[in-house]
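Colleague: Sharing a sequence plus its predicted fold:
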Amino acid sequence: MRYFIVDDDRASRVMLKQIIEDSSLGTVIGEARNGEDAIPQILMTQPEFVLIDLLMPKLDGIATVEHLIQNRFEGQFIMISQVVNKEMVGEAYEQGIDFFIHKPINRIEVENVLRKTTEQFRLKNSLLVIRQSLTNIEISEQKNHKATSRDHIQSILNDMGIVGEIGSEDIIAIIETLLAHQHKIAPLPPLKELYEEIAAVTKTTPDDILKESKAIEQRVRRTILAAMINLANLGVVDYTNSEFEYYAPRYFDFKEIRQLMKQIEDHGNRKAKVNIKKFIQVLYSDILTKIN
């Protein structure tokens, strides 16, 4: 550990330096007899510890500590004092001083206090190293993480406000099936075939597969309609909304979106024709672009 001693009493400085070096506690890298002289030297040398007298001419110990902290000094302070004054001690604690050495100086007390501060300093440094290591690992993991196709699909569905809809999982399954078969964007296979392939994952008999495929179609249709209504609501509030401008004309028949907007403004029923094929084709195209 490196120490800097600030005390207007030369005898105290000599005694403290001798105790530090004789006890192999560290090295005294500088001394000053008042705060004004100490501040530039401390800021330049950046010792781990500053032993500083409470009462000194020109600039007392508390004012010196306050000035050093304002100038971003990150070392620790140990106050030297022969005054037992609760108010001054309280003020010192408020300034971040954790330890005191009392005058007249006692070798055993000095050694005990300095050993405690050294342990505290090393523990603090160890925690900082651990925290930095964990931060570096987290950053590395974030850099190495590559978004999956599912991540991309969910991001788009989230933009349309339908990621929580029951049919969103069916939409994800359709796109992942197309990706697995490496289908070209056009022409896509018939939707009925896609529904049946997805249904066959959980169902076994032909009747069950047929029923499930029809259920998938209905869930997908309701989910896409929910997206249309969400976007129409955005368009009514703000026609220049970025999600509205991108998704409304690209994923849907825009005349149907306009019709929904009028229904919303007139407080009528939300009805529109749902073009599932267009939605799936555009979504698949966007996902291919993102993953490639």
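Modeller: Structure received. Numbering: from 1, shown residues only.
Colleague: Check which residues of stretch 44-53 are buried.
Modeller: Neighbour-count burial for stretch 44-53, counted by 16 or more other C-beta atoms under 10 Å, picks out 47-53. The C-beta positions use only the backbone N, C-alpha and C, and glycine is treated the same way.
Colleague: quick check, distance from that stretch to the centre of its chain.
Modeller: Between the centre of stretch 44-53 and the centre of its chain there are 34 Å (C-alpha atoms, centre = their mean, to the nearest Å).
Colleague: Quick check: mean pLDDT of it?
Modeller: The predicted model gives stretch 44-53 an average pLDDT of 92.
Colleague: again with stretch 148-162
Modeller: The model assigns stretch 148-162 a mean pLDDT of 91.
Colleague: Can you dump the C-alpha atoms of that stretch in PDB for me?
Modeller: Extracted in PDB, the C-alpha atoms of stretch 148-162 (Å, rounded to 0.1, in the frame of the first residue of the first chain):
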ATOM      1  CA  THR A 148     -32.800 -16.900 -34.200                       C
ATOM      2  CA  SER A 149     -35.500 -16.900 -36.800                       C
ATOM      3  CA  ARG A 150     -38.000 -17.200 -34.000                       C
ATOM      4  CA  ASP A 151     -36.600 -14.000 -32.400                       C
ATOM      5  CA  HIS A 152     -37.000 -12.200 -35.700                       C
ATOM      6  CA  ILE A 153     -40.600 -13.400 -36.200                       C
ATOM      7  CA  GLN A 154     -41.600 -12.500 -32.600                       C
ATOM      8  CA  SER A 155     -40.100  -9.000 -33.100                       C
ATOM      9  CA  ILE A 156     -42.300  -8.400 -36.100                       C
ATOM     10  CA  LEU A 157     -45.400  -9.800 -34.500                       C
ATOM     11  CA  ASN A 158     -44.600  -7.700 -31.400                       C
ATOM     12  CA  ASP A 159     -44.500  -4.600 -33.600                       C
ATOM     13  CA  MET A 160     -48.100  -5.400 -34.800                       C
ATOM     14  CA  GLY A 161     -49.200  -6.100 -31.200                       C
ATOM     15  CA  ILE A 162     -50.100  -9.700 -31.700                       C
END
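Colleague: separation between the closest residue to A200 other than its chain neighbours and E193?
Modeller: In this structure, A200 finds its nearest non-sequential neighbour in I209, 5.4 Å apart by C-beta to C-beta, 6 or more residues apart in numbering. I209 sits 12 Å away from E193, going by C-beta to C-beta, to the nearest Å.
Colleague: V236 too?
Modeller: On the measure of C-beta to C-beta, V236 and E193 end up 37 Å apart.
Colleague: Between those two, point out the one with more neighbours.
Modeller: V236 (16 against 12; other C-beta atoms under 10 Å).
Colleague: For the host helix or strand of the more buried one, buried residues please.
Modeller: Assigned by DSSP states H and E, V236 falls within helix 206-237. Neighbour-count burial for helix 206-237, counted by 16+ other C-beta under 10 Å, picks out 209, 212-213, 216-217, 219-220, 223-236.
Colleague: Contacts for the very next helix or strand once past that helix, please.
Modeller: For helix 206-237, the following helix or strand on the C-terminal side (DSSP H and E) is helix 242-251. Identification of contacts with helix 242-251 by C-beta atoms under 8 Å, 6 or more residues apart in numbering yields 159-160, 227, 231-232, 234-235, 238, 254, 257, 278-279, 282-283.
Colleague: Now render these as CSV, adding distance to N34.
Modeller: Output for the contacts of helix 242-251, formatted as CSV (distance: C-beta to C-beta, whole Å):
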residue, distance to N34
D159, 65
M160, 69
A227, 73
L231, 72
A232, 75
L234, 68
G235, 72
D238, 65
F254, 79
I257, 77
K278, 81
F279, 78
V282, 76
L283, 74
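Colleague: Could you list the low-pLDDT ranges of this protein?
Modeller: 83-86, 88-89, 93, 96, 139-145, 184-186 (pLDDT under 70).
Colleague: the strands in it, which residues?
Modeller: Under the criterion DSSP state E, the chain carries strands at the ranges 2-6, 27-32, 49-53, 76-81, 99-102.
Colleague: List just the one of the ones you listed that sits closest to P187.
Modeller: strand 76-81 (72.8 Å; C-beta to C-beta).
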